[in-house]
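*Asks:* Pasting a predicted model and its sequence here:
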Amino acid sequence: MIGLKRKTIKLLSHQKQWDSYFNKEKKRILSFVKDIHVEHVGSTAIPSIKAKPIIDIVIGIDKMKDFNIFKNQFIKLGFEYHDNRGTVHNKFFTKGPADCRTVYVHVVKYKGSIWNKYINFRDRLISNNTLAKEYQQLKVSLSKKYKNRDKYTKAKASFIKKVNG
């Protein structure tokens with residue numbers, strides 16, 4: 001299964017198709033947009049834990065001042081830009097209608113602090129099963145406690161910060 005209604009929380013056991021979906025999306029993006037770096041991040045990139053069935057992708061660009069060039073290319077690829085949900089340093093796109101979001105894309109400076117945090121968090125959880133299971137346990141607990149996805153996401157922040165140091 002891939003896709004989830006906006007603002008909802010549903011955790012599924014890891015599915016191999018998530019990697020395939022990411023690889024197809026990456027290939028499609030790179031065939032259209034040049035000079036970028038594309039990585040699978042978020043819980044769907046960590047094989048040992050449950051995740052919301054939405055593929056998180058981080059795209060690194062060399063200069064954030066060039067973002068508008070990339071913005072138009074992503075829109076042509078069918079991504080929707082959300083100016084109010086990103087920041088100057090982390091631009092945000094979605095794919096899929098609000099009742100079935102399939103992909104989140106974060107555009108950041110390549111090898112900048114945000115890029116490094118996404119990659120470091122993913123890699124630490126992939127390489128440390130104990131840490132990954134601790135994160136999964138937190139996510140399951142929070143998904144029962146909060147029905148509001150914003151509160152759920154904010155409640156995970158201290159764990160993510162701890163892992164990233």
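*Replies:* Nice, thanks for sending it over.
*Asks:* any idea which element the most centrally placed residue in the chain lies in?
*Replies:* For the chain, the residue whose C-alpha lies nearest the mean C-alpha position (C-alpha atoms, centre = their mean) is D56; its distance is 2.4 Å. Using DSSP states H and E, D56 sits within strand 55-61.
*Asks:* what about the very next helix or strand once past that strand, average pLDDT?
*Replies:* Heading C-terminal from strand 55-61, the first helix or strand you meet, by DSSP H and E, is helix 67-76. When pLDDT is averaged along helix 67-76, the result is 92.
*Asks:* Distance from the chain centre to helix 67-76, please.
*Replies:* Averaging C-alpha coordinates over helix 67-76 and over its chain gives two centres that are 18 Å apart (C-alpha atoms, centre = their mean, to the nearest Å).
*Asks:* And the residue nearest to the centre of the chain, how far from K7?
*Replies:* Taken as C-beta to C-beta, to the nearest Å, the spacing of D56 relative to K7 amounts to 16 Å. For the C-beta atoms, the positions are set from N, CA and C on the backbone; glycine is no exception.
*Asks:* Could you export whichever strand or helix holds K162 as CSV, CA atoms only?
*Replies:* Element membership for K162 (DSSP H and E) is helix 149-164. Once side chains and other backbone atoms are set aside, the C-alpha atoms of helix 149-164 remain, and they are given as CSV (Å, rounded to 0.1, in the frame of the first residue of the first chain):
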residue,chain,number,x,y,z
ARG,A,149,-0.6,14.6,12.7
ASP,A,150,1.0,17.9,13.5
LYS,A,151,1.2,17.0,17.2
TYR,A,152,2.5,13.6,16.3
THR,A,153,5.2,15.0,14.2
LYS,A,154,6.2,17.6,16.8
ALA,A,155,6.3,14.9,19.5
LYS,A,156,8.9,13.0,17.5
ALA,A,157,11.2,16.0,17.2
SER,A,158,13.2,15.5,20.4
PHE,A,159,14.1,11.9,19.4
ILE,A,160,15.2,12.9,16.0
LYS,A,161,17.3,15.7,17.5
LYS,A,162,18.9,13.3,19.9
VAL,A,163,19.8,10.9,17.1
ASN,A,164,21.3,13.7,15.0
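*Asks:* tell me which residues in that helix are buried?
*Replies:* Of the residues in helix 149-164, those with enough neighbours to count as buried (16 or more other C-beta atoms under 10 Å) are R149, Y152, A155, F159, V163.
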